[in-house]
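>>> sequence and predicted model, in that order:
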Amino acid sequence: ASFETLISNAPVVGYERSTAWQLIRGYYAAFFSVHALLRLHGVACTRITATTTTPLNREVQRLHPGSHSMAGGLYYLRSKSGGTEMYLTKFDSNAGGSHEALWALLTDYLRTATQKALLDTTAQVASATFATMIDKFNTVVKKHGGPMWFTQVRNRINYSHGYGSWFPHQGSTTDTARIASYLECWRKEPSESLIDHAADELTQFAQACSFLVSMCRVTINDVAHRSAANSPIRQSSARLAAAV
């Protein structure tokens, strides 16, 4: 979903300041990428419905009468011990919806990924480069208030027609060609998609979204490289990742 969102992206001809839909698509590409990165590392943010909880509760009560029942809702899922254990934590509905729940996981994911990279003594140069890259990304995101910045910008564009991104483009700071060039960086290495600290907010937003999609793309390619020829990942997302 992440790769396809940007592959099918196209500026609106004749409306050089109509950047809203480009930016919204950039946001969703990043949103899907973070979902994918988390799941590849055994973490998920997902909604569990009554269709799932009802048979689970019935089975739990049969095996352990008097146990607490599981309610439907938004959950953090974490896989441990090679997938033999699954830990679920219900998300506080007062903290927002599915988008807020996802972005709340990004900081911890990047911290854990950086720590693991730095512990890899077989690739010290690559690990240091990765840590520096993540630090630069975090610096810009923190300047805008943290990972919730992503969904806040999306909401301002989508619901408040902010940034002059919709017609009549009052207060616009960028154009479709520039945004397209930033979003296209998802096809490059993440180190080439770093954010310009001196740029305007929408430029930084587009670059940050592209950086996350690039991270996802290189991760998918790495997993595909390590997997068997007939593996499911080679037959799905890796096909789009390889196409670019």
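Thanks, I have the structure now.

>>> low pLDDT regions in the protein?
Flagging of the chain using pLDDT under 70 yields the residue ranges 8-13, 243-244.

>>> residue ranges for the helices of it, please.
With helices called from DSSP state H, the chain shows them at 2-7, 20-40, 50-63, 98-103, 106-119, 124-143, 148-160, 176-183, 201-226, 237-243.

>>> can you show me the CA trace of the third one as CSV?
Yep, that's helix 50-63 we're talking about. Written as CSV, here are the backbone C-alpha positions of helix 50-63 (Å, rounded to 0.1, in the frame of the first residue of the first chain):
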residue,chain,number,x,y,z
ALA,A,50,-15.9,-8.8,18.4
THR,A,51,-15.6,-11.3,15.6
THR,A,52,-12.2,-12.2,17.0
THR,A,53,-12.7,-11.6,20.7
THR,A,54,-15.9,-13.7,21.0
PRO,A,55,-14.5,-17.1,20.2
LEU,A,56,-11.3,-16.3,22.1
ASN,A,57,-13.2,-15.4,25.2
ARG,A,58,-15.3,-18.5,24.9
GLU,A,59,-12.2,-20.7,24.6
VAL,A,60,-10.5,-18.9,27.6
GLN,A,61,-13.6,-19.4,29.8
ARG,A,62,-13.7,-23.0,28.9
LEU,A,63,-10.0,-23.5,29.8
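
>>> give me the contact list for it.
Contact partners of helix 50-63, identified using Cβ atoms under 8 Å, 6 or more residues apart in numbering, comprise 67, 69, 70, 71, 72. No exception for glycine: its C-beta is placed from N, CA and C like everyone else's.

>>> report back the residue of the protein that's furthest from centre.
Relative to the C-alpha centroid of the chain, counting by Cα atoms, centre = their mean, residue 65 is the outermost residue, at 39.9 Å.

>>> residue 187 - how many residues pack around it?
Close neighbours of residue 187, defined as other Cβ atoms under 10 Å, add up to 18.

>>> tabulate the helices of the chain (a markdown table), appending mean neighbour count and distance to residue 166.
Output for the helices of the chain, formatted as a markdown table (neighbours: other Cβ atoms under 10 Å; distance: least, Cβ to Cβ, whole Å):
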| stretch | mean neighbour count | distance to residue 166 |
| --- | --- | --- |
| helix 2-7 | 20 | 19 |
| helix 20-40 | 21 | 5 |
| helix 50-63 | 12 | 38 |
| helix 98-103 | 19 | 20 |
| helix 106-119 | 14 | 27 |
| helix 124-143 | 15 | 25 |
| helix 148-160 | 17 | 8 |
| helix 176-183 | 19 | 13 |
| helix 201-226 | 21 | 13 |
| helix 237-243 | 16 | 29 |
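
>>> could the ones you listed go into JSON lines alongside distance to residue 193?
Shown next, in JSON lines, are these (distance: least, Cβ to Cβ, whole Å):
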{"stretch": "helix 2-7", "distance to residue 193": "12"}
{"stretch": "helix 20-40", "distance to residue 193": "11"}
{"stretch": "helix 50-63", "distance to residue 193": "37"}
{"stretch": "helix 98-103", "distance to residue 193": "19"}
{"stretch": "helix 106-119", "distance to residue 193": "15"}
{"stretch": "helix 124-143", "distance to residue 193": "9"}
{"stretch": "helix 148-160", "distance to residue 193": "15"}
{"stretch": "helix 176-183", "distance to residue 193": "8"}
{"stretch": "helix 201-226", "distance to residue 193": "4"}
{"stretch": "helix 237-243", "distance to residue 193": "15"}
